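In: No sequence on hand, only this structure:
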Ligand SMILES: C[S@@+](CC[C@H](N)C(=O)[O-])C[C@H]1O[C@@H](n2cnc3c(N)ncnc32)[C@H](O)[C@@H]1O
């Protein structure tokens, strides 16, 4: 492999010492394709990941300065159920970042920035998998987001399970095994280990769509897309593939569970014939020993997560079929909180949602019920920083979602909503003229 020198290809510096934008060197001067209109006005209370709050909504309008006809750029996107959104953490306050960070899930322990989703990272780029509710002209409507209002969006890409999900490979093979036990890739050595040959079958099948066309069958979307008449109407031809992130998550959970249970894995059995293959099952003990273990080790005043040294590389099939995450990703530092509303807060919510009496006055939520669900989702995941959680337990916590300014407090195992008032500053959308976000140095 050709090794690039540390500085990369010759840097292009201006007389003032700044690095000139150049594609070749990776010094991009980016121009956001749009600025997100989000139901979250500030970082406080914004979910830490998109999966936290399915009702969180946003709209992104492609700017005319990017494409004269923004709608052309979105052509075909309506056929996808989910999209990757690449964006700038523009409210980080500074561009600097540290090599080790303390993600909330580690409750104060440190780990390398690249092993986290911390907003404070070189280039301050975020990546969110959002549900695509609707494409309308030059705008897309999203739900399940974790970005604040005004976030500069750099790019949109369709989520394609076939490319983006390792679990998807399991399903393909499972379908294939069920329907055609005969298939052998011509290059597969007959004497090869069972796991390896499976791996080969799978990879070769991946290259040959004609062999598994029957598994490509799209399932009609029976799912309620949580969308109302006006906001979320969807092209009826749009269908959801079996390998949707939701489905993937289920399989993913099974996979990860199989790596964290101490008992023999039921999950593996549930996944399908491939996992029942002898060669794979026999590997179980070894696999359980080398699964994502880590130890939290104290180093002076701070703690760090240290990977346990594992002997032997994961087998190829193992690595290819399951995504593996360290245990801290799954294990929340605090249990999910129970969320309560005081009678006063209940009244506030009703009042807020009634608007002029005929229609909900929410901009993003379609009903008081949805607003309530969103507030519950945000709070049950405990949005407080580690510092607040440990040292300012009895302080009031505020956040704004849609037009609701929420005041609450946290007790032992619960969050209680005290007041819900109209946000004093309704969310305004601006398209800054100074729209170029310089990444890198
Ligand atoms: C932990 S990051 C994860 C974002 C993304 N899913 C990722 O993995 O890159 C999510 C947090 O970033 C913060 N955030 C969201 N939008 C932001 C923005 N435009 N600027 C700075 N911080 C932002 C919010 O506090 C939110 O809880």
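Out: It's in. If you're wondering where the values come from, they're calculated on a predicted model, not measured in any experiment. Numbers count the residues shown, from 1 in each chain.
In: can you pull the pLDDT of residue 51?
Out: Residue 51 carries a pLDDT value of 89.
In: List the contacts of the residue in the stretch 201-350 of the chain positioned nearest to the ligand.
Out: Here the residue of the stretch 201-350 of the chain nearest the ligand is residue 329; by C-beta to the nearest ligand atom that distance is 11.8 Å. (Glycine included, C-beta is placed from N, CA and C.) Taking C-beta atoms under 8 Å, 6 or more residues apart in numbering, we find residue 329 in contact with residue 105.
In: do residue 419 as well
Out: Taking C-beta under 8 Å, 6+ apart as the test, what residue 419 contacts is 344, 345, 348, 406, 407.
In: buried set for the helix or strand hosting it?
Out: Secondary structure from DSSP states H and E places residue 419 in strand 414-422. Going by neighbour count (16 or more other C-beta atoms under 10 Å), the buried part of strand 414-422 is 415, 416, 417, 418, 419, 420, 421.
In: Tell me the strands beside that strand, with direction?
Out: strand 338-341 (parallel), strand 404-411 (antiparallel) (DSSP bridges).
In: is it true that residue 66 touches residue 35?
Out: No: Residue 66 is beyond contact range of residue 35, at 11.6 Å (criterion: C-beta atoms under 8 Å).
In: Could you check the pLDDT of residue 273?
Out: 31.
In: next one: residue 380
Out: 94.
In: Quickly note the distance from it to the ligand.
Out: Distance, residue 380 to the ligand, using C-beta to the nearest ligand atom, to the nearest Å: 15 Å.
In: Which residues are in contact with that residue?
Out: Each residue near residue 380 by C-beta under 8 Å, 6+ apart is listed here: 336, 337, 338, 339, 415.
In: swap the cut-off to 6 Å and go again
Out: Applying C-beta atoms under 6 Å, 6 or more residues apart in numbering to residue 380 gives the contacts 336, 337, 339.
In: Next, give phi and psi for the second one.
Out: Reported as degrees, to the nearest 10, the phi and psi values for residue 337 are phi -90, psi 150.
In: That one: how many residues sit nearby?
Out: The number of residues packed near residue 337 is 21, by other C-beta atoms under 10 Å.
In: tell me the contacts of it?
Out: By C-beta under 6 Å, 6+ apart, the contact list for residue 337 reads 380, 382, 414, 415.
In: and the second one, what is it in contact with?
Out: In this case it means residue 382. When contacts are counted by C-beta under 6 Å, 6+ apart, residue 382 touches 334, 337.
In: and it, how far is that from residue 52?
Out: Residue 382 sits 10 Å away from residue 52, going by C-beta to C-beta, to the nearest Å.
In: Please name the nearest non-neighbouring residue to the residue in the stretch 251-400 of the chain that the ligand sits nearest to.
Out: Distance from the ligand to each residue of the stretch 251-400 of the chain (C-beta to the nearest ligand atom) is smallest for residue 383, at 7.4 Å. Counting by C-beta to C-beta, 6 or more residues apart in numbering, the nearest residue to residue 383 once its immediate chain neighbours are dropped is residue 45, at 5.3 Å.
In: so the one you found sits right up against residue 378, yeah?
Out: Yes: counting by C-beta atoms under 6 Å, residue 45 touches residue 378, with 5.4 Å between them.
In: neighbour-wise, which of the two wins?
Out: Neighbours per residue (other C-beta under 10 Å) separate residue 45 from residue 378, with residue 378 holding more: 26 against 22.
In: Before we go further, that one is sitting in a strand, right?
Out: No: the assignment for residue 378, made by DSSP: H, G, I helix; E, B strand; the rest coil, is helix rather than a strand.
In: residues contacting residue 99?
Out: residue 113.
In: what number of residues lie near residue 387?
Out: Neighbours around residue 387, by other C-beta under 10 Å: 11.
In: element containing it, please.
Out: Taking DSSP H and E as the criterion, residue 387 maps to helix 386-391.
In: which parts of that helix are buried?
Out: 386, 389.
In: can you tell me if the very next helix or strand once past it touches the ligand.
Out: Note on helix 386-391: by DSSP H and E, the next helix or strand toward the C-terminus is strand 397-401. No: against the ligand, strand 397-401 shows no contacts by C-beta under 6 Å from any ligand atom, the least distance being 10.1 Å.
In: With stretch 92-112 instead?
Out: Yes: Stretch 92-112 reaches the ligand (C-beta under 6 Å from any ligand atom) through residue 92.
In: Give the rounded mean pLDDT of that stretch.
Out: The model assigns stretch 92-112 a mean pLDDT of 90.
In: Enumerate the positions of that stretch that are buried.
Out: 92, 97, 101, 102, 103, 104, 105, 106, 107, 109, 110, 111.
In: returning to that earlier point: drop the exposed ones from the contacts of residue 419 and show what's left.
Out: 345, 348, 406, 407.
In: Of all the strands paired with strand 414-422, which one is nearest residue 118?
Out: Across the strands paired with strand 414-422, residue 118 has its closest neighbour in strand 404-411 (22.9 Å, C-beta to C-beta).
In: now the closest one against strand 397-401, angle please.
Out: Angle of strand 404-411 versus strand 397-401, following axes from the mean of the first three to the mean of the last three C-alpha atoms, to 10 degrees, is 150 degrees.
In: and the helix or strand in which residue 58 is found, what does it pack onto?
Out: Assigned by DSSP H and E, residue 58 falls within strand 57-61. Contacts defined by 3 or more C-beta pairs under 6 Å, 6 or more residues apart in numbering; DSSP states H and E place strand 57-61 against strand 34-38, strand 139-143.
In: Turn those strands into TSV, including distance to residue 83.
Out: Formatted as TSV, the helices and strands packed on strand 57-61 follow (distance: least, C-beta to C-beta, whole Å):
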stretch	distance to residue 83
strand 34-38	12
strand 139-143	7
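In: one step back: tabulate the buried ones among the contacts of residue 419 in TSV, adding columns for pLDDT and distance to the ligand.
Out: Putting these into TSV (pLDDT from 0 to 100; distance: C-beta to the nearest ligand atom, whole Å) gives the following:
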residue	pLDDT	distance to the ligand
345	96	23
348	93	24
406	96	15
407	96	19
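In: Which one of those residues is nearest to residue 117?
Out: residue 406 (24.2 Å).
In: how about that closest one, what does it touch?
Out: Counting by C-beta under 6 Å, 6+ apart, residue 406 has contacts 375, 399, 420.
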